[in-house]
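1. Let me see the structure of the following:
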Amino acid sequence: MGRQLQIQLQVPAEALEAVEEVLENAGAQAQTLLSGDETELLEPGVGEHPLWSVLWITALFPSETDPEVVKSVVREALDGDPDGWCVEWLEDRPWERAWLDDFHPLRFGRRLWIVPGGRQPSLPAGAVPVYLDPGLAFGTGTHETTALCLEWLDGQRLADCTVLDYGSGSGVLSVAAAKLGASRVVAVDNDPQARLATAENAARNSVGDRVRVAAPGEEAIAADYVVANILAGTLVRLAPVLLAGCQSGGAIALSGILQGQEVAVQEAFGDAVEWEAPRQRSDWLLLAGRR
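-> Predicted coordinates for the structure are as follows:
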């Protein structure tokens, strides 16, 4: 079995883009970001910047990579030696699937359970299991933003209703909505890998006939419920699209919002939504209201 080279380093936020670029050019096959307090970061939207002054980057390289060559190009990008430089050789394995080793069934709200694909756990009576294999797409339920959306969905009356899931990722929210009784779900994502993961997860849960996977602009819908788990800046830009996708009297839930960003998001939607009190997990918020 082969090996991979793992390099970890600490980077000032203002140098992040430059360092990511040189690592990619040096052959990095994958890069993961952590904040200074080791909180995993979602990819920032266009024009958005990390809220932390220092970030950690962990990058994986092919085994033939010379770490001193990588260090040299990083040093040039930073105009000095990188902090926290750490080199480790790892036995080769399918890293995109390694999370399954520690992923166990998780409960959200009263009924919803997210279960890793291939497992058949003993669940309580009335449980609604979502069997999930996210592949390379984001969304397992373990992140606060996804958890907030799952709990919100669990509290809605979705039977015979239509749902728009904008930014579907792995399709966890779309599948959950269908298994909670939605008659039609449109799962929208601009990433082909996410659309593939959503379709596969819908089929895995026997709801493929009710989950329509689409790229932005491919499918028009005026839904009873709209859920969007993205990022605050993207939600602001997509406000007209999300409002158009929600029928009058319908419900909207928005997540991916850090504490302090909620006012900007609400302002983008104007008076079109009557908001409830925000729901919160850690530093993340969910905004929900009626159209």
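2. rest of the way, CA atoms for contacts and neighbours
-> Will do.
3. what's the pLDDT at Arg119?
-> You'll see Arg119 listed with a pLDDT of 65.
4. Glu151 too?
-> pLDDT for Glu151: 96.
5. And for Pro278?
-> Residue-level confidence at Pro278 comes out at 96, pLDDT.
6. just Val211 next, same as before
-> 98.
7. can you count the residues close to it?
-> When neighbours are counted by other CA atoms under 10 Å, Val211 registers 27.
8. ok, how many other residues are close to Leu148?
-> Residues near Leu148, counting by other CA under 10 Å, number 26.
9. just Asp165 next, same as before
-> The number of residues packed near Asp165 is 28, by other CA under 10 Å.
10. check contacts around it.
-> By CA atoms under 8 Å, 6 or more residues apart in numbering, Asp165 lies in contact with Leu173, Ser174, Val185, Val186, Ala187, Val188, Val226, Val227, Ala228.
11. from the middle of its chain, how far away would whatever helix or strand it lives in be?
-> Element membership for Asp165, per DSSP states H and E: strand 162-166. Mean C-alpha position of strand 162-166 versus that of the full chain (CA atoms, centre = their mean, to the nearest Å) differs by 16 Å.
12. measure Glu24 to Leu9 for me?
-> The spacing between Glu24 and Leu9, counted by CA to CA, to the nearest Å, is 14 Å.
13. I should have written Asp160 there, sorry.
-> From Asp160 to Leu9 the distance is 51 Å (CA to CA).
14. Comparing the two, which shows the higher neighbour count?
-> Neighbours were counted for Asp160 and for Leu9 using other CA under 10 Å; Leu9 has more, 17 against 13.
15. Which helix or which strand is home to the more buried one?
-> Per DSSP H and E: Leu9 is located in strand 3-12.
16. any idea how the chain splits into domains?
-> Domain ranges of the chain: 3-93, 98-290, per automatic domain parsing.
17. Return the strand holding Leu9 as PDB; C-alpha atoms alone will do.
-> The C-alpha coordinates for strand 3-12 follow below in PDB (Å, rounded to 0.1, in the frame of the first residue of the first chain):
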ATOM      1  CA  ARG A   3       1.600   6.600   1.200                       C
ATOM      2  CA  GLN A   4       0.600  10.200   1.100                       C
ATOM      3  CA  LEU A   5       2.300  13.200   2.400                       C
ATOM      4  CA  GLN A   6       0.300  15.400   4.900                       C
ATOM      5  CA  ILE A   7       1.500  18.900   5.600                       C
ATOM      6  CA  GLN A   8       0.000  21.200   8.200                       C
ATOM      7  CA  LEU A   9       0.800  24.900   8.600                       C
ATOM      8  CA  GLN A  10      -0.600  28.000  10.200                       C
ATOM      9  CA  VAL A  11      -1.400  30.900   7.800                       C
ATOM     10  CA  PRO A  12      -2.500  34.600   8.400                       C
END
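18. Does anything pack onto the next helix or strand after it? Which helices or strands?
-> Of the helices and strands lying after strand 3-12 in sequence (DSSP H and E), the nearest is helix 16-25. Contacts defined by 3 or more CA pairs under 8 Å, 6 or more residues apart in numbering; DSSP states H and E place helix 16-25 against helix 67-78.
19. Now tell me what touches the helix it packs on from outside.
-> Leu5, Ile7, Ala15, Ala18, Val19, Val22, Leu23, Ala26, Asp81, Pro82, Val87.
20. Can you find the helix or strand in the protein with the smallest mean pLDDT?
-> For the chain, using mean pLDDT, DSSP states H and E, the weakest element among its helices and strands is strand 30-35, scoring a mean of 71.
21. Show me what that strand is packed up against.
-> Looks like strand 30-35 contacts strand 54-62 (3+ CA pairs under 8 Å, 6+ apart).
22. Can you check what angle separates the strand it packs on from helix 67-78?
-> 140 degrees (axes from the mean of the first three to the mean of the last three CA atoms, to 10 degrees).
23. What strands flank strand 54-62, and is each parallel or antiparallel?
-> Partners of strand 54-62 in the sheet, by DSSP bridges, are strand 3-12 (antiparallel), strand 30-35 (antiparallel).
24. pLDDT averaged over that strand - what is it?
-> The average pLDDT for strand 54-62 rounds to 85.
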